[in-house]
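Q: after the sequence you'll find the predicted model.
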Number of protein chains: 2
Amino acid sequence: MKAPREHARKVARSLDEAVERAGLRDGATISFHHHLRNGDGVLNAVLDACARAGLRGLRLAPSALFPVHEPLTRQIREGTVSAIETAFVSGPVGEAVMAGMLAEPLRLTTHGGRAAAIRDGALRIDAAFVAAPAADPLGNISGTLGPNACGTLGYAMVDARHAAHVVAVADQMLPYPCQSAAIGEEDVDTVCAVAAIGDAAGILSGTTHPATDPADLAIAENAIALFACSEHWRARFGFQTGAGAISLAAADALGRRMAAEKGAMGGFLSGGITGAHVRLLEAGLFEAILDVQCFDLEAVRSHARNRAHRAISASAYAAPGPRGAVVDQLDAVILGAAEVDLDFNVNVTLAADGRIIGGSGGHADTASGSALAIVTTRLTARGFPKIVRRVGCITTPGASIDAVVTEAGIAINPGRPDLYDRARAAGLTLLSIEELEAKSRGSATRALPPAKREGPVVAISQSRDGAILDTIHARR
Amino acid sequence: MKAPREHARKVARSLDEAVERAGLRDGATISFHHHLRNGDGVLNAVLDACARAGLRGLRLAPSALFPVHEPLTRQIREGTVSAIETAFVSGPVGEAVMAGMLAEPLRLTTHGGRAAAIRDGALRIDAAFVAAPAADPLGNISGTLGPNACGTLGYAMVDARHAAHVVAVADQMLPYPCQSAAIGEEDVDTVCAVAAIGDAAGILSGTTHPATDPADLAIAENAIALFACSEHWRARFGFQTGAGAISLAAADALGRRMAAEKGAMGGFLSGGITGAHVRLLEAGLFEAILDVQCFDLEAVRSHARNRAHRAISASAYAAPGPRGAVVDQLDAVILGAAEVDLDFNVNVTLAADGRIIGGSGGHADTASGSALAIVTTRLTARGFPKIVRRVGCITTPGASIDAVVTEAGIAINPGRPDLYDRARAAGLTLLSIEELEAKSRGSATRALPPAKREGPVVAISQSRDGAILDTIHARR
């Protein structure tokens, strides 16, 4: 016999009611996930509701921000939002930050660092708003169903587990109980149906297809050749790539090499997952995909149909700590770079012209966790040198990076003499990082503007464990 | 590049080392799950290790105890264990409790109450020892692989999420990453391989097959007839049965009625799951199974192969609170009883002769959460009356119970006049609870011994929300 109180419903009729139910006050911390990437419609809609509710000085903790979040610049200007902590920013919000509009410096974390901060209570979320591709009225959330299915919900899983109040914002309501719940009703307080959570086609934004340029392909091949000659090329290896063009080409190159080497069997692929990774799994070259985020619709479909393509939370993926994380089991990761410097520090946060173009995401997490971290990059981009004396912003410390692979050759971190010896024995073209820097400078057609290292700090680049790696200063 | 510290391993070479790594002190609280039921070998082995480590006054929080845990009586006697909090006790430990051997009264909780206490911090677990049918060296745990696969791990999921230290005790080690991880590496500190975690054949113990006795079958049919005439017989209903013989016969009777009523489509089955429930799912009569625990190997296999047979944590299953739980969505539950009294209170804790024979498990959770809670019982058992003036112990308050179905007829709780009217219109045989009590007394061949209501309290029966429902006193 059910007591009347237990008939209470979780369903809010509007985002305004959902914001009211969350009990937010001025200065509250609210979070969002970015699985819909530049297709996300939830963050803007919720902040509009927050503004209508008269909330001021909100602290925003989205896992990432994209150009689609341009309306957030208005919320910053008008004082609805005064602080942001996130692992990635691209688009107009970065411009607003560089212009000094945000009351507090932007905190640029890593995906793993963000998850650890939430887990450990350093980042307390008052309300998490979860863009839900499908949900039932009790708040079971699926990422694989609905018109805007985005696949796994790794970032949202951490927020939902720890936030004081959790709101599922869904555009596909399903009867109870929703099948394949990535987030369960025990973690959800409020459910709000909306016309659309965004546009799943936007998932593709920010990622690319594998490179086709011959120089890029050569870099990808050499990165895999370096891995293959290393001690880390072992049975059941764990492997990850970023989602840049060269990284994805490296995934393809890896598949070709593994197929050629009969019996070469991989263990797992992790990270943001694309069709390039799904093809490696389906070719039988790997046993499992551990997926914190689907980067394209091919990955979304694979996760929905294939049990070997498993979802993991951002905490399982990359949070530092004694329990370890998936990235700590990686044998090799192939990463991109905007700039690399003589200390092997990598910048994926600032463009040569000083714009904010991203941030770590999982870059620093995977570099520090993987036994072998290879950065692939061209010597120049848009005429600017990419191998430089000092990066404009340290996103990933050079101590985490084992090698830099360019079209001119490979520089091995002096901390890895074993890798240098193996690469030389394998006949790879090796140069010092200083030689690469000289070649990069020589190939450049544009000079780097002087780095701005003074004036008001508008952003802070944090390491995986929360330490300050670098500061970013307001542009004139 | 991986820092040397991150190569640290989670694997303990023995349970002694695992206990040492858990950092336990005298008086620590340690937990276990009972998915292997009377086949569990982990609790005894860990307590032996605790005793070898010289630990004293441990507080035990297993989700249930079975006859196989007889060695625990020695740990109680010798002072290794001084307090126990659990949802179910059968076997020698109950005898030891009744003899007053435990330093503090046994706390008999519900499955949902236990999960809520862990979630809310009222029950702080220093170390959870998880019997793991399969695990990898990083602590990803699967319940569906290995020689002692027990299926879902609903109780352990809550312990692992909240305990300060989590030890996976596994007899099947798998390469990283373990597929289909019910508990992920982010929740596990230590992994210990053992020769055997027990014997999965023991899962069957404590449950039964559907009844075959004609009187039992008639009770089962009438229970379903009562459900079918109620307002709760609606599209997509949620349904649960206990694992007693009559309850399982009711599941079969339900299947026959649904198959006959073309278009009658169930929503979900929940709870401890048996082959009887799997058959309802596979016949297309229900859309989903929400499984906190597999009660037989047929359920284990179904969960492994069928995505519609989904695992849920004990918290999702039954924890009280504003977020609700699966049991709060039930339309009907069919439960057993050792005794029912004139206030519809149910006892499944004490036998007529005063022995501890179990406890709530999910009895009180489902009764309070379900819109319709039907208790099925014979009038007598082993000559003792089962419908009594006052139950020997209140396990489930009568306010949660809507009806009692016996071979002599059905008593409807006076709080449900609507149900009474519908049952009468449906032609069901209705009696008052007082009439049932008189018939039960008349059929009995043995008189109940006088209930013992004084002397030292050896056990406390708690409601779903932690309130004290009843006390159990030491036997002479």
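A: Yes, it's here.

Q: residue ranges with poor pLDDT in the stretch 101-250 of chain A?
A: For the stretch 101-250 of chain A, the stretches flagged by pLDDT under 70 are A:205-208.

Q: OK, now which residue of it is nearest to chain B?
A: A:Glu186 (4.3 Å; Cβ to the nearest Cβ). Glycine gets a C-beta too; all of them are placed from N, C-alpha and C.

Q: what separation do you get for A:Pro92 and chain B?
A: Distance of A:Pro92 to chain B, computed by Cβ to the nearest Cβ, to the nearest Å: 35 Å.

Q: how many residues are close by the residue nearest to that residue when sequence neighbours are not counted?
A: Leaving out its chain neighbours, the residue that sits closest to A:Pro92 by Cβ to Cβ, 6 or more residues apart in numbering or on different chains is A:Glu70, at 4.2 Å. The tally of other residues near A:Glu70 (other Cβ atoms under 10 Å in any protein chain shown) stands at 15.

Q: from what I can see A:Glu70 touches A:Ser90, true?
A: No. Using Cβ atoms under 8 Å as the test, A:Glu70 is too far from A:Ser90 to be in contact (11.0 Å).

Q: mind checking how far A:Pro414 is from chain B?
A: 12 Å.

Q: please identify the helix or strand for A:Glu221.
A: helix A:214-229 (DSSP states H and E).

Q: break down the stretch 151-300 of chain A into its helices, ranges please.
A: A:154-162, A:214-229, A:245-260, A:275-282, A:297-305 (DSSP state H, counting those that start in this stretch).

Q: show me the contacts for A:Pro137.
A: A:9-11, A:173, A:176, A:191 (Cβ atoms under 8 Å, 6 or more residues apart in numbering or on different chains).

Q: give me the ChimeraX select line for the residues you listed, limited to the buried ones.
A: Applying 16 or more other Cβ atoms under 10 Å in any protein chain shown to these, the buried members can be selected in ChimeraX as follows:
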select /A:10,11,173,176,191
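
Q: same list (the contacts of A:Pro137) but as JSON lines, adding distance to chain B.
A: Shown next, in JSON lines, are those (distance: Cβ to the nearest Cβ, whole Å):
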{"residue": "A:Arg9", "distance to chain B": "10"}
{"residue": "A:Lys10", "distance to chain B": "7"}
{"residue": "A:Val11", "distance to chain B": "12"}
{"residue": "A:Met173", "distance to chain B": "14"}
{"residue": "A:Tyr176", "distance to chain B": "6"}
{"residue": "A:Val191", "distance to chain B": "11"}
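
Q: farthest-separated two in the contacts of A:Pro137?
A: A:Arg9 and A:Met173 (12.8 Å; Cβ to Cβ).

Q: A:Ser400 reaches A:Asp365, doesn't it?
A: No. With contact defined as Cβ under 8 Å, A:Ser400 and A:Asp365 do not form a contacting pair (9.5 Å).

Q: okay, these two: which has more neighbours?
A: Set A:Ser400 next to A:Asp365 and count neighbours by other Cβ under 10 Å: A:Asp365 wins out with 36 against 27.

Q: in contact with that one, which residues?
A: By Cβ under 8 Å, 6+ apart, A:Asp365 lies in contact with A:110-113, A:317-318, A:320, A:325, A:327, A:464.

Q: now swap in A:His232 and tell me
A: So A:His232 contacts A:331-332, A:371-372 (Cβ under 8 Å, 6+ apart).

Q: equivalent analysis for A:Pro62, please.
A: A:31-34, A:43, A:69, A:84, A:86.

Q: and which of those is nearest to A:Leu217?
A: Distances from A:Leu217 to those, taken by Cβ to Cβ, are shortest for A:His34, at 29.7 Å.

Q: can I take it that that closest one is in a strand?
A: No. With DSSP: H, G, I helix; E, B strand; the rest coil as the criterion, A:His34 is coil rather than part of a strand.

Q: distance to chain B, neighbour count and secondary structure added to the contacts of A:Asp365, as JSON lines?
A: JSON lines is the format used below for these (distance: Cβ to the nearest Cβ, whole Å; neighbours: other Cβ atoms under 10 Å in any protein chain shown; DSSP: H, G, I helix; E, B strand; the rest coil):
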{"residue": "A:Thr110", "distance to chain B": "15", "neighbour count": "35", "secondary structure": "strand"}
{"residue": "A:His111", "distance to chain B": "13", "neighbour count": "34", "secondary structure": "helix"}
{"residue": "A:Gly112", "distance to chain B": "11", "neighbour count": "32", "secondary structure": "helix"}
{"residue": "A:Gly113", "distance to chain B": "14", "neighbour count": "28", "secondary structure": "helix"}
{"residue": "A:Tyr317", "distance to chain B": "9", "neighbour count": "32", "secondary structure": "helix"}
{"residue": "A:Ala318", "distance to chain B": "10", "neighbour count": "33", "secondary structure": "helix"}
{"residue": "A:Pro320", "distance to chain B": "9", "neighbour count": "23", "secondary structure": "coil"}
{"residue": "A:Ala325", "distance to chain B": "7", "neighbour count": "30", "secondary structure": "coil"}
{"residue": "A:Val327", "distance to chain B": "10", "neighbour count": "32", "secondary structure": "helix"}
{"residue": "A:Arg464", "distance to chain B": "11", "neighbour count": "30", "secondary structure": "coil"}
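
Q: could I get the full set of strands for the stretch 251-400 of chain A?
A: A:266-273, A:286-294, A:309-311, A:332-335, A:339-341, A:346-347, A:372-376, A:380-381, A:384-385, A:387-388 (DSSP state E, counting those that start in this stretch).

Q: just send the ones you listed back as a markdown table, with mean pLDDT, distance to chain B and mean neighbour count too.
A: Below are the strands of the stretch 251-400 of chain A laid out as a markdown table (pLDDT from 0 to 100; distance: least, Cβ to the nearest Cβ, whole Å; neighbours: other Cβ atoms under 10 Å in any protein chain shown):
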| stretch | mean pLDDT | distance to chain B | mean neighbour count |
| --- | --- | --- | --- |
| strand A:266-273 | 96 | 5 | 27 |
| strand A:286-294 | 97 | 6 | 26 |
| strand A:309-311 | 97 | 7 | 23 |
| strand A:332-335 | 98 | 10 | 29 |
| strand A:339-341 | 98 | 14 | 24 |
| strand A:346-347 | 98 | 12 | 28 |
| strand A:372-376 | 98 | 6 | 28 |
| strand A:380-381 | 96 | 25 | 18 |
| strand A:384-385 | 96 | 24 | 22 |
| strand A:387-388 | 98 | 19 | 26 |
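
Q: and the residue nearest to A:Ala196 when sequence neighbours are not counted, how many neighbours does it have?
A: The shortest distance from A:Ala196 to any non-neighbouring residue, by Cβ to Cβ, 6+ apart, is to A:Asp171 (5.0 Å). Applying the criterion other Cβ under 10 Å, we find 20 residues in the vicinity of A:Asp171.

Q: how about A:Ala201?
A: The burial count assigned to A:Ala201 is 12, neighbours taken as other Cβ under 10 Å.

Q: residues contacting it?
A: A:Gly39.

Q: gap between the residue nearest the centre of chain A and chain B?
A: In chain A, the residue lying closest to the centroid (Cα atoms, centre = their mean) is A:Gly361, at 3.3 Å. The gap separating A:Gly361 from chain B is 19 Å, by Cβ to the nearest Cβ.

Q: excluding chain neighbours, give the residue nearest to that residue in space.
A: Per Cβ to Cβ, 6+ apart, closest to A:Gly361 is A:Phe88, 4.9 Å.
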